[in-house]
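Novice: Provided below are the primary sequence and the corresponding predicted coordinates.
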Amino acid sequence: MATFGLTLLLLPLLISALPFQQRGFWDFGKDIDVSDLLMTMMKDQEEGSAFEELPQPAQPTCPFGCTCNLKVVQCSDLGLTQVPYDIPSDTLLLDLQCNHITEIREGDFKGLTNLYALVLRSNQISRVHPRAFLPLKRMQKLYISHNHLTSIPRNLPASLVELRIHDNHIRKVAAGTFSGLGNMHVIEMGRNPLQNSGFEPGAFIGLKLNYLRISEAKLTGVPKDLPESLHELHLDQNAIQAIELEDLRQYHQLQRLGLGSNHIRHIEDGALSYLPNLRELHLDNNRLSSVPAGLPDMKYLQVIYLHHNNITQVGVNAFCPMGFGMKRVFYNGISLFGNPINYWEVQPATFRCVSERMAVQFGNHKK
């Protein structure tokens, strides 16, 4: 069906491009780039974050085949089957990604007390000795995604800030798994076969996370008792069917919520009222038949993805409050394309709190 233009002075321009991309948020869903990690490490080093000057080794060493420079040891893509010996004791960044390592042994990181980041992604690791990480008293970043782990490694360093453990075989997160990790801000654990029952009560106790991603798992609902400190929560590409009134009650600090590509048919009235600081909401690729209630009351909401649902109509007060000055910031992204909406029936005043005409995206609906 051809797209019919509306009067540009009355409605934002109708476009069928990709949805608006909000900037300024973290994107930990992407795989780590070691060059970016190096820049982060150098910045933290300048700020004196958790680093200690160690004496230079009397005999400089470097594992065979690896590259050692400026306290960075790169041993990626070497076909290694185990962590190599002779890693310099002053190493800050150890890159072991894309090898064939199957096990992390107790003494593999002995003496690396100043290590800042450990990259173990894309190996074949199925076992980590419970004492393997004990020497790493200053490690802040651990990347162990794309492996064969069935559980979160034990005795992670208390200094840890960021853990990426997505694309493993983890089915259970036991109570107290993250105990003693009060410095942790980021956990990326998507693409694990985790069901709601896999999270024991108290699994996240003690954490003060800013960011949590459990996308591409087997969740049928929002997990219970996640950290109240969360600023970003990503539960995309699961099998969540509804958002109940109590699901989001404790997440008052949440600024970004990802629920795209689920099976959501219903969002209970009032469920979004617990998110007064939300800036961005992803509900695209679900089965919603109407725009969720409560959006006009969300004073700081700037971006909402609703494309590819079953929405048939959009009311004049679906997005904007009725009173003047009640919304603190205008929308700069509303995506509605891929819905069976007769957009010529949508009243121009529906988007009275949108920042610019390009911010609203309709488009053709294909059955």
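Specialist: Cool, got the structure. Numbering: from 1, shown residues only.

Novice: Please make it C-alpha for all contacts and neighbour counts, starting now.
Specialist: Noted.

Novice: So which elements touch the helix or strand of the chain with the lowest mean pLDDT?
Specialist: The least trusted helix or strand in the chain, going by mean pLDDT, DSSP states H and E, turns out to be helix 34-46, with a mean of 71. Under the contact criterion of 3 or more Cα pairs under 8 Å, 6 or more residues apart in numbering; DSSP states H and E, helix 34-46 touches no helix or strand at all.

Novice: residues making contact with the following helix or strand past it?
Specialist: Remark: after helix 34-46, the chain's next helix or strand is strand 67-69, criterion DSSP states H and E. The contact list for strand 67-69 (Cα atoms under 8 Å, 6 or more residues apart in numbering) reads Cys62, Val73, Gln74, Cys75.

Novice: quick one: which of those has the most company?
Specialist: For these, the largest neighbour count, defined by other Cα atoms under 10 Å, is 24 neighbours, found at Cys75.

Novice: Could you tell me how many residues sit around the nearest residue to it once chain neighbours are set aside?
Specialist: Nearest non-adjacent residue to Cys75, counting by Cα to Cα, 6 or more residues apart in numbering: Cys66, 4.6 Å away. Look at Cys66: counted by other Cα under 10 Å, it has 17 neighbours.

Novice: doesn't Gln74 make contact with Cys66?
Specialist: Yes - with contact defined as Cα atoms under 8 Å, Cys66 counts as touching Gln74 (5.6 Å).

Novice: about what we covered before: any idea how far the residue nearest to Cys75 lies from Ile144?
Specialist: Distance of Cys66 to Ile144, given as Cα to Cα, to the nearest Å: 19 Å.

Novice: Ramachandran coordinates for the residue lying closest to Leu272 once chain neighbours are set aside?
Specialist: Excluding its sequence neighbours, the residue lying closest to Leu272 (Cα to Cα, 6+ apart) is Gly294, at 6.4 Å. Backbone torsions of Gly294, given as degrees, to the nearest 10, read phi 100, psi -10.

Novice: contacting residues for Gly294?
Specialist: Asp269, Gly270, Leu272, Ser273.

Novice: Would you mind giving me the confidence score for it?
Specialist: Listed pLDDT for Gly294 reads 95.

Novice: go on, Lys366?
Specialist: 54.

Novice: ok, now Gly325?
Specialist: 69.

Novice: one step back: from the contacts of strand 67-69, which ones fall inside strands?
Specialist: Val73, Gln74 (DSSP state E).

Novice: Return the mean pLDDT over stretch 312-321, rounded to an integer.
Specialist: Stretch 312-321 comes out at a mean pLDDT of 95.

Novice: in it, what counts as buried?
Specialist: By 16 or more other Cα atoms under 10 Å, the buried positions in stretch 312-321 come out as Gln313, Val314, Val316, Asn317, Ala318, Phe319, Cys320, Pro321.

Novice: Dump those into TSV; add secondary structure and distance to Pro84 as well.
Specialist: Formatted as TSV, the buried residues of stretch 312-321 follow (DSSP: H, G, I helix; E, B strand; the rest coil; distance: Cα to Cα, whole Å):
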residue	secondary structure	distance to Pro84
Gln313	coil	61
Val314	coil	61
Val316	coil	64
Asn317	coil	63
Ala318	coil	59
Phe319	coil	57
Cys320	coil	59
Pro321	coil	61
